[in-house]
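Visitor: Next input, structure requested:
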Amino acid sequence: MSSIDLAVIGGTGLYKLAELQDIETVQPSTRFGEPSGPVRIGTMAGHRVAFLARHGEGHSVPPHKVNYRANLAALQDLGTSRVLALNTVGGITERFGPRVLACPDQLIDYTWGRISTLCEEPGSEVLHVDFGEPYTRSLREVVLAAAARAGVALVDGGCYGATQGPRLETRAEIARMRRDGCDLVGMTGMPEAGLARELGLDYACLAIVANWAAGAGPDPDEVITLQDVLDNVTAASAGLPTLLEALLRS
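Guide: Prediction:
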């Protein structure tokens, strides 16, 4: 199969790329099992792009049950070396309020019990990958430059805290994460980033801030509704097509 210029993994509220044209649907199977759903491959800005909904296109797979290994292996098997992860998150610190789009440069893993390595099975090669910079610097730089050319506001940097889910966090947990240095909180940042590194994929994250995390923001007692979250995701991701087109043309 011919190479794919970019693979995009969609998070909560982002189950397709409407801008893809001439779409081909692939139902891959990998050495790690089945991915979350079909991979949609099409063209965008004259380039081949693959899209996979992390939670399934009907949001049926909770964050702790996502087969992260199969998702990434499927994209790699289809011929991509660059993965852009779209993650819907909560904001913890002041720069990362609702409707912000950010490209984090660090993360802290609070998840547990997930298969987090390619070295899980007996006899597997033991991999000790460098993970000091969890996101590929060169891909982050290209994404940030593309956003600047496209006129899309994108916050450079920030620390993503990956929690277990599917429940949301307590105020005490968010306070702890703030003390730890987290700016954003989500449920799918790990083990995805670590597995991408083990597979040798270039990987970067676009974090879409849907709401303030528990106890954060100007009104710590604010009650967030599902409609608020969906509206904020829609607003924050409005510039994504323009950003992706600029990225593909770079």
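Visitor: By mean pLDDT, flag the weakest helix or strand of the chain.
Guide: Across the helices and strands of the chain, the lowest-confidence element by mean pLDDT, DSSP states H and E is helix 226-236, at a mean of 88.
Visitor: Quick check: which ranges of this structure have low pLDDT?
Guide: 1-2 (pLDDT under 70).
Visitor: what are the ranges of the strands in it?
Guide: Ranges of strands in the chain, per DSSP state E, are 6-10, 21-26, 39-44, 47-53, 82-91, 101-103, 106-109, 155-156, 159-162, 184-186, 202-212.
Visitor: In CSV, list these along with mean neighbour count and distance to residue 134.
Guide: (C-beta placed from N, C-alpha, C; glycine too.) As requested, the strands of the chain are exported to CSV (neighbours: other C-beta atoms under 10 Å; distance: least, C-beta to C-beta, whole Å):
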stretch, mean neighbour count, distance to residue 134
strand 6-10, 25, 15
strand 21-26, 12, 28
strand 39-44, 20, 24
strand 47-53, 23, 20
strand 82-91, 25, 11
strand 101-103, 23, 12
strand 106-109, 18, 5
strand 155-156, 16, 15
strand 159-162, 26, 8
strand 184-186, 28, 13
strand 202-212, 25, 8
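Visitor: Of all the ones you listed, which one comes closest to residue 74?
Guide: Among those, the nearest to residue 74 by C-beta to C-beta is strand 39-44 (6.1 Å).
Visitor: ok, back up a step: and the least confident helix or strand of the chain, what other elements does it pack with?
Guide: strand 202-212 (3 or more C-beta pairs under 8 Å, 6 or more residues apart in numbering; DSSP states H and E).
Visitor: Could you tell me which strands sit next to the strand it packs on in the sheet, and their orientation?
Guide: strand 82-91 (parallel), strand 101-103 (antiparallel) (DSSP bridges).
Visitor: Also compute the angle for that strand relative to strand 6-10, please.
Guide: Between strand 202-212 and strand 6-10, the angle comes out at 30 degrees (axes from the mean of the first three to the mean of the last three C-alpha atoms, to 10 degrees).
Visitor: ok now strand 202-212, how far from the chain's centre?
Guide: 6 Å (C-alpha atoms, centre = their mean, to the nearest Å).
Visitor: can you dump the C-alpha coordinates of that strand into PDB?
Guide: Extracted C-alpha coordinates of strand 202-212, given in PDB (Å, rounded to 0.1, in the frame of the first residue of the first chain):
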ATOM      1  CA  ASP A 202       6.800  10.600  15.000                       C
ATOM      2  CA  TYR A 203       4.100  11.600  17.400                       C
ATOM      3  CA  ALA A 204       2.600  14.900  18.500                       C
ATOM      4  CA  CYS A 205      -0.600  15.900  20.400                       C
ATOM      5  CA  LEU A 206      -3.100  18.600  19.700                       C
ATOM      6  CA  ALA A 207      -5.000  19.100  23.000                       C
ATOM      7  CA  ILE A 208      -8.500  20.500  22.700                       C
ATOM      8  CA  VAL A 209      -9.600  22.000  25.900                       C
ATOM      9  CA  ALA A 210     -13.300  21.200  26.500                       C
ATOM     10  CA  ASN A 211     -13.700  22.500  30.100                       C
ATOM     11  CA  TRP A 212     -12.000  23.600  33.300                       C
END
